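> This is a predicted model, with the sequence first.
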Amino acid sequence: MSISAATLHAVVRDVAESLRGSGVPKLVLVNGHGGNYVLGNVVQEARGDMALFPGPDEWAEAREAAGIETSHDSDMHAGELETSILLHAHPELVRSGYETADHLADDRRHLLTAGMSPYTASGVIGRPSLAGAGKGRDALRSLVAAFGDCLAALHEQGHRTGQAGDEREHPVHDGHGEALR
């Protein structure tokens with residue numbers, strides 16, 4: 001199942017608006033895979049009311065913490081990282097045969113135009129044969145540890161932009177220590 005970029009944008013915006021109306025001023029979108037350009041744009045347009053997690057840096061740290069061998073560029077879909085996470089969290093969802101399903105397609109210059117089918121018949125672009133539950137555990141541990149930084153940045157952004165409930169308690173500063181309001 002897929003939805004259009006416009007629909008995803010509208011759904012996320014409407015959910016955020018509904019939450020704000022219920023007294024929840026901030027929203028973190030947890031992105032299960034990289035490259036979700038629509039969510040990145042929604043977060044940018046929210047001007048400090050939303051965060052997207054994990055981002056490229058958090059994914060890179062998780063890959064390193066887990067000892068993922070396949071490069072980020074080669075490990076695009078159903079490869080070592082994603083299969084490792086599933087082997088740890090939900091091994092029953094991993095199809096048998098992943099151990100021999102490696103498929104690399106590093107030159108994907110027309111991916112956004114042509115889609116994935118010209119690059120893989122199976123849906124795999126990466127090396128799931130290198131996956132392991134321990135790697136998935138370590139990747140998830142790294143992401144959980146990094147999530148606190150995301151929340152702190154989101155909280156701080158609200159204070160910098162004057163979104164606190166009581167601006168006298170949390171004034172907006174000009175960058176030199178002077179309150180603007």
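Received it, and whenever you're ready, just let me know what you need.

> Verify the stated contact: residue 150 with residue 43.
No - using Cβ atoms under 8 Å, residue 150 makes no contact with residue 43, being 11.1 Å away. For glycine as for every other residue, the C-beta is placed from the backbone atoms N, C-alpha and C.

> Could you pull out the residues contacting both of these two?
Common neighbours of residue 150 and residue 43, using Cβ atoms under 8 Å, 6 or more residues apart in numbering, are residue 51.

> So if I had to pick from the two, which one is more boxed in?
residue 43 (23 against 18; other Cβ atoms under 10 Å).

> Pull out the buried residues from the one helix or strand that one maps to.
Using DSSP states H and E, residue 43 falls within helix 37-45. Of all the residues in helix 37-45, those buried under the rule 16 or more other Cβ atoms under 10 Å are 39, 42-43.

> For residue 91, the count of nearby residues, please.
10.

> mind checking the backbone torsions on the nearest residue to it once chain neighbours are set aside?
Spatially, and ignoring its direct neighbours in sequence, residue 91 is nearest to residue 133 (6.8 Å; Cβ to Cβ, 6 or more residues apart in numbering). Note on residue 133: backbone dihedrals following degrees, to the nearest 10 are phi -60, psi -40.

> what's residue 133 in contact with, if anything?
Taking Cβ under 8 Å, 6+ apart, one finds 84, 87-88, 91 in contact with residue 133.

> which outside residues touch stretch 42-52?
8-9, 12-13, 16, 20, 25-29, 31, 36, 39-40, 150-151, 153-154, 157-158, 160-161, 163.

> Figure out how far the helix holding residue 43 is from the centre of its chain.
Helix 37-45 sits 11 Å away from the centroid of its parent chain (Cα atoms, centre = their mean, to the nearest Å).

> what is the mean pLDDT for it?
The average pLDDT within helix 37-45 is 92.

> Now the host helix or strand of residue 134: buried residues?
With secondary structure defined by DSSP H and E, residue 134 is part of helix 133-160. Neighbour counts over helix 133-160 (16+ other Cβ under 10 Å) mark 133, 135-140, 142-143, 146-147, 150, 154, 157-159 as buried.

> And for stretch 53-64?
Under 16+ other Cβ under 10 Å, the buried positions of stretch 53-64 are 53-54, 58-59, 61-63.

> What about those residues, which are in helices?
Counting by DSSP state H, these place 58-59, 61-63 in helices.

> And those residues, which is closest to residue 111?
Set against residue 111, the nearest of those by Cβ to Cβ is residue 59 (18.0 Å).
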